[in-house]
Each structure stands twice: as structure tokens, then as C-alpha cells.
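with the sequence up front, the predicted model follows.
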Amino acid sequence: MKIRYLLLLSALGSLPARAQTAAPAADPYRPVYHFAPPRNWLNDANGLVFSNGVYHLFYQHNPLSAAPGHLAWGHATSPDLLRWTNLPVALSEYRNPDGSNTMIFSGSAVVDANNDSGLFAPGQTDGLVAFYTGHVEKNGATLAQHQNLAFSPDQGLSWTRYAGNPVLDIGSKEFRDPKVFWYAPQRKWVMACVKADRQQIYLYQSANLRDWQFMSRWGRAGDTVKEWECPDLFELPVPGGGTKWMLLISSGNPTEQFRGQQYFLGQFDGQQFTPDQPYEEPAYLDFGKDYFAAVTFNNAPANRRLLVGWTNDWAYARDIPTGDAWRGSFAVPRELSLRATAAGLVLVQQPLAELGTLGKEAVSLKNQSLKAGAADYELPFRGESYDLELTLEPGKAQTLTLNLLQSEAERTTLRYDVARQLLTLDRRESGRVDFHPLFALTTETARVPLQNGQLRLRLLVDKSVVEVFAQDGETTLTDLVFPRQHQGRITLQAAGGPARIARLSLRDLSQPLAP
């Protein structure tokens with residue numbers, strides 16, 4: 001290595017001055033306003049918690065490589081969920097006396113405001129307690145999965161693993177992903193874990209965060225083809241009064257167009273969860289291939305329910321062509337709510353409201369006609385990081401087509417079939433698709449009925465991430481794309497009859513965000 005380094009210095013010394021000082025090429029796939037690790041591997045969001053005016057984002061992270069393995073908790077903080085400060089690794093893999101290793105798998109964090117755990121100094125009200133799955137391996141074989149805690153008196157800057165770990169162990173190799181939250185009506189802490197191979201949720205209770213008692217189990221409902229992971233159980237207000245409880249479940253399922261996460265609406269009485277919907281009918285959180293392991297923040301201000309999901313799919317996650325420097329990103333945080341419709345209560349996911357403070361308006365238009373069969377209408381903008389909102393009125397058109405990240409030979413296509421009321425996200429010609437056979441195997445489709453004759457769309461495009469929000473967030477689709485040519489054109493077309501762009505607004509978000 002030293003010889004190569006000296007040869008490189010010699011070669012650089014012989015180059016013209018301009019070549020020595022040229023800036024390196026920008027990373028073509030690193031998103032601007034979606035969180036990605038400063039380096040190496042990222043997957044599930046962990047330990048999402050708000051404390052002392054700061055959002056803490058922990059995440060599954062390999063500090064040694066851009067491939068999965070040696071999992072620890074990475075850590076970043078933000079005042080607004082947009083501008084992030086990267087901090088040192090919070091919880092690291094460790095060696096056990098028997099020669100096995102314990103990796104830090106997914107989990108959650110809470111603010112122990114009343115020092116229920118007894119782990120903090122008297123009077124401290126902002127101690128953080130993290131719960132993680134200890135994944136124990138030796139020579140590549142899984143020995144155990146159990147739940148552990150660590151605590152931090154200084155807002156996550158330093159952590160101590162609890163001497164009494166594990167705090168919950170049922171003798172299983174498939175027992176993981178603790179989501180802990182405060183249940184105020186009974187003044188207790190609740191933990192939801194998955195018995196992954198049984199597709200079941202196990203619920204526990206505790207008064208002190210250290211000693212946990214079993215309450216109930218529920219599961220084998222909806223999508224049960226693959227193991228269940230990353231549960232989240234929380235309450236949402238119902239328009240007009242009352243509340244519903246929502247249970248989120250991730251499942252790495254290569255069927256059903258790779259949809260990775262389902263949810264159930266129902267009730268939780270402090271002991272058990274009871275769903276409203278039939279067991280055989282899963283409701284999917286996102287209809288794209290690349291939205292997985294989404295969980296919500298604990299202790300968010302103003303009772304906001306804020307969701308963060310991993311933009312990737314385990315089928316090809318280790319193969320995506322972002323290079324050896326980093327791999328993995330998160331979707332923009334989404335705010336969750338329920339909306340009353342003629343079909344019943346609908347889950348609504350809206351991009352973080354604070355996103356509207358970024359960038360500058362680059363295009364704004366109203367009442368733009370789209371003639372059937374004519375050449376595509378091209379927006380007077382080129383770029384790869386933007387926030388696009390548009391309202392389309394199909395009129396007599398049979399199909400509406402929106403091409404994103406377009407060049408001569410590449411495009412990511414959003415297509416709406418008016419008669420069938422189907423919205424399709426198609427990345428088969430998006431650029432680099434041959435790095436894995438499953439990446440462009442299918443298109444992603446969701447049923448999206450028109451509302452008052454209109455299709456309302458919001459698209460968050462950020463180099464390698466495309467998030468689609470239809471009908472004000474009633475349906476979402478998220479996919480990764482890897483264009484080669486980077487021309488960033490945007491075109492629209494109507495087929496079978498004329499249509500109209502009722503309104504369109506595009507904000508340019510290409511400028512990097514300062515922490």
C-alpha cells in the first residue's frame with residue numbers, strides 16, 4: 001500500500017495544475033434531502049425519539065463496510081427532521097465470554113421522564129433508554145435473539161449496557177425488534193415484539209422498564225408468507241371523535257409485488273390488540289418495492305405521529321449500485337392521520353410539512369392543456385432532486401403518463417389508467433436495472449380512484465429515490481432508481497383523448513442542506 005501511495009503522489013506531481021485541483025465528481029445517487037449514512041451500510045430505522053427539542057434517529061449500521069453485517073446503531077440528530085448532524089456509533093457489536101458475538105439488531109428508545117428505571121440520578125427527567133435485540137452469533141450460526149436495554153444520561157452521547165441484560169429472553173432464535181411505548185391509561189410501559197417465524201406479536205408490560213411480564217399474543221393474519229418484523233403499535237385520532245390503534249408489521253415478501261409492510265386498524269385495551277379488518281385482508285402501507293421496516297417516533301411534539309421507512313428491499317439491498325462508500329437511505333418522514341371516506345377510514349401519509357420550507361419554486365402553472373396523441377408536454381426544468389405537486393383532470397383521456405428522470409433512452413414512468421383507476425410506477429427503463437434480476441421484474445400498481453374528476457399527485461424525487469403520494473396521501477408508492485444519463489427531464493402525455501393540468505408546482509431541492 002505504501003508503494004502504491006508513493007507512485008500515486010509521483011503521478012499527481014506530473015499532472016497540470018488544473019487536474020490536481022479539480023473537484024471530484026458528485027455522487028450520482030446520493031440523495032440531497034433524504035437521509036443516507038455518511039458512509040457504509042444502513043437499513044432499519046431504530047430508536048426514534050424526540051427529547052429536549054431534538055429528534056434522535058438511530059439506525060441499523062455496519063461501521064466497517066457498505067454491506068450488511070457487524071450491525072450496530074448509527075446515530076444522527078436533527079431539530080427539524082431535515083438537517084441532520086451525524087454522531088459517533090451509539091451501540092456497537094460486542095464479544096461474549098464464550099467467543100460468540102452479539103450484534104445490535106432493531107429496537108426503540110424512550111424518554112424515562114420519571115426515572116421509572118432507576119438508572120439515572122435522582123431528579124433527572126431526560127434520561128434515554130434504548131431497547132434492542134441482541135442477535136447472538138458464533139461461526140455464522142445464530143444462537144439466540146433476546147431483548148436488552150442500554151441507557152444514556154447525556155442525550156445519546158454515551159451509552160451503558162444494563163448489567164441485568166437480557167431483560168427478556170424466551171429461548172428463541174426468532175424473537176426480535178422491541179417497540180416500547182408509554183400506555184398512559186394504565187400508567188405502564190408496553191413492549192411489542194415479533195415471534196418472527198410464527199408471524200405473531202407478543203405484548204409485554206413493565207412498571208420499571210427492566211422487568212417485563214407477558215400479556216398477550218396476536219397474529220398469523222393478513223400477509224403471512226414471510227417472517228414478521230419491526231412491529232409498531234400506536235393510537236391515531238378519528239375525525240369526529242374517538243381513536244383507533246394501528247399495528248404496523250414488516251414482512252420481506254417477494255410476492256404481492258414486493259410490498260414490504262402491512263397494517264391493521266383496531267383497538268388496544270392495555271392487554272391485547274383486536275383488529276377491525278378480516279384476518280385474510282392485509283392493508284399495505286406502501287405499494288412500491290422499496291419501503292420497509294417503517295416505525296414511528298416516540299414522544300414527538302404536538303402528538304404528531306411521524307413515520308420513517310427504509311428505502312430498499314432485502315431481495316437486492318446489498319446489490320444496489322451506489323458503490324462501496326455507502327448503501328441505504330430513508331424516505332422523507334411521513335405524518336400519519338386517518339381520513340373518513342365513503343369507503344370507511346383511510347390511512348393518510350403526508351410528507352413532513354417542514355419539507356415545504358426547503359428550496360425554491362422553479363415551475364408554476366395552471367390550466368395547461370394536454371392534447372391527445374400530440375408530442376409530450378415538457379416542463380421547463382431539468383433536475384434530479386425536487387418536490388413536484390400536480391393536479392390532473394383526465395377528461396376524455398384513457399391514459400395519462402408522467403415521465404421522470406428522463407433522457408433519450410431512460411425514464412421512470414408513472415402511468416394512470418383512467419378506466420381501471422390504476423396507478424403504475426414503472427422503472428424497467430429507469431437506467432441501471434441489471435444488477436439484480438428482481439429489481440425490474442415487475443411494475444408497481446395501486447388502485448387510485450379519481451376524486452371529483454381529478455388525480456392529485458405529489459412526487460418527491462431525489463436522485464435515486466422516488467416517492468409518490470396520490471390523492472393527498474391516501475396511496476403511496478416508493479421505488480429506487482439509478483439513472484445513467486442524468487438529464488433530469490420531466491414530460492407528460494395524454495392518450496385516447498385530451499386532458500388538462502389543473503395545477504402544477506415544482507420546488508427545486510437540489511441544494512445540499514446544512515446541518
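Yep, that arrived. Numbering: from 1, shown residues only.

verify the stated contact: Thr142 with Arg176.
No - using Cβ atoms under 8 Å, Thr142 makes no contact with Arg176, being 10.7 Å away. C-beta: built from backbone N, CA, C; applies to glycine.

okay, these two: which has more neighbours?
Set Thr142 next to Arg176 and count neighbours by other Cβ atoms under 10 Å: Arg176 wins out with 25 against 12.

leaving out sequence neighbours, find the closest residue to the more buried one.
Nearest-residue entry for Arg176: Thr133, 4.0 Å, with adjacent residues in sequence omitted and distances by Cβ to Cβ, 6 or more residues apart in numbering.

who does the one you found bridge with?
Gln147 (DSSP bridges).

look up how far Gly288 lies from it.
Using Cβ to Cβ, to the nearest Å, Thr133 is found at 27 Å from Gly288.

the residue nearest to Arg176 contacts Asn148, correct?
Yes - contact between Thr133 and Asn148 holds when scored by Cβ under 8 Å: they sit 7.5 Å apart.

who's more crowded, these two?
Counting neighbours by other Cβ under 10 Å for Thr133 and for Asn148 shows that Thr133 has the greater number, 26 against 23.

spit out the contact partners of that one.
Taking Cβ atoms under 8 Å, 6 or more residues apart in numbering as the contact definition, Thr133 lies against Ile104, Phe105, Ser106, Gly107, Gln145, His146, Gln147, Asn148, Phe175, Arg176, Asp177, Pro178.

most neighbours, which of those residues?
Among the contacts of Thr133, Gly107 has the most neighbours (other Cβ under 10 Å), with 30 neighbours.

from what I can see that one touches Asn46, true?
Yes - counting by Cβ under 8 Å, Gly107 does reach Asn46; the two are 5.6 Å apart.

shared neighbours of those two, which are they?
Shared between the contact lists of Gly107 and Asn46 (criterion: Cβ under 8 Å, 6+ apart) are residues Tyr132.

shaky segments in the stretch 1-150 of the chain?
Scanning the stretch 1-150 of the chain for pLDDT under 70 picks out the ranges 1-25.

how about the helices in it?
Secondary structure of the stretch 1-150 of the chain (DSSP state H, counting those that start in this stretch): helices at 2-13, 17-21.

over to the stretch 201-350 of the chain?
Under DSSP H, counting those that start in this stretch, the stretch 201-350 of the chain gives no helices.

wait, Tyr377 sits on Leu370?
Yes - contact criterion Cβ under 8 Å: Tyr377 and Leu370 qualify, at 5.8 Å.

so which of the two has more stuff around it?
Comparing Tyr377 with Leu370 by neighbour count (other Cβ under 10 Å), the higher total belongs to Leu370, at 23 against 15.

ranges for the strands of the stretch 151-300 of the chain?
For the stretch 151-300 of the chain, the strands defined by DSSP state E, counting those that start in this stretch cover 160-161, 168-172, 175-183, 188-195, 200-206, 213-219, 228-237, 243-251, 261-268, 273-275, 283-284, 292-296.

and these: which comes nearest Arg30?
strand 292-296 (19.8 Å; Cβ to Cβ).

so which elements touch that closest one?
With contacts taken as 3 or more Cβ pairs under 8 Å, 6 or more residues apart in numbering; DSSP states H and E, strand 292-296 sits against strand 40-51, strand 228-237, strand 243-251, strand 261-268, strand 306-310.

buried set for it?
Phe292, Ala293, Ala294, Val295, Thr296 (16 or more other Cβ atoms under 10 Å).

one more: stretch 336-347?
For stretch 336-347, using 16+ other Cβ under 10 Å, the buried residues are Leu336, Ser337, Leu338, Val346, Leu347.

repeat for stretch 458-474
Buried residues in stretch 458-474 (16+ other Cβ under 10 Å): 458-471, 473-474.

give me the distance between the two termini of that stretch.
One end of stretch 458-474 to the other measures 11 Å (Cα to Cα, to the nearest Å).

re earlier: which one of the buried residues of stretch 458-474 sits closest to Ala514?
Asp462 (16.9 Å).

pretty sure that closest one contacts Phe35?
No - applying Cβ under 8 Å as the test, Asp462 and Phe35 come out as separate, 10.5 Å apart.

any common contacting residues for Tyr377 and Leu370?
Common neighbours of Tyr377 and Leu370, counting by Cβ under 8 Å, 6+ apart, are Leu492, Gln493, Ile501.

closest one of those to Arg30?
Taking the shared contacts of Tyr377 and Leu370 together and measuring to Arg30 by Cβ to Cβ, the closest member is Leu492, at 27.8 Å.
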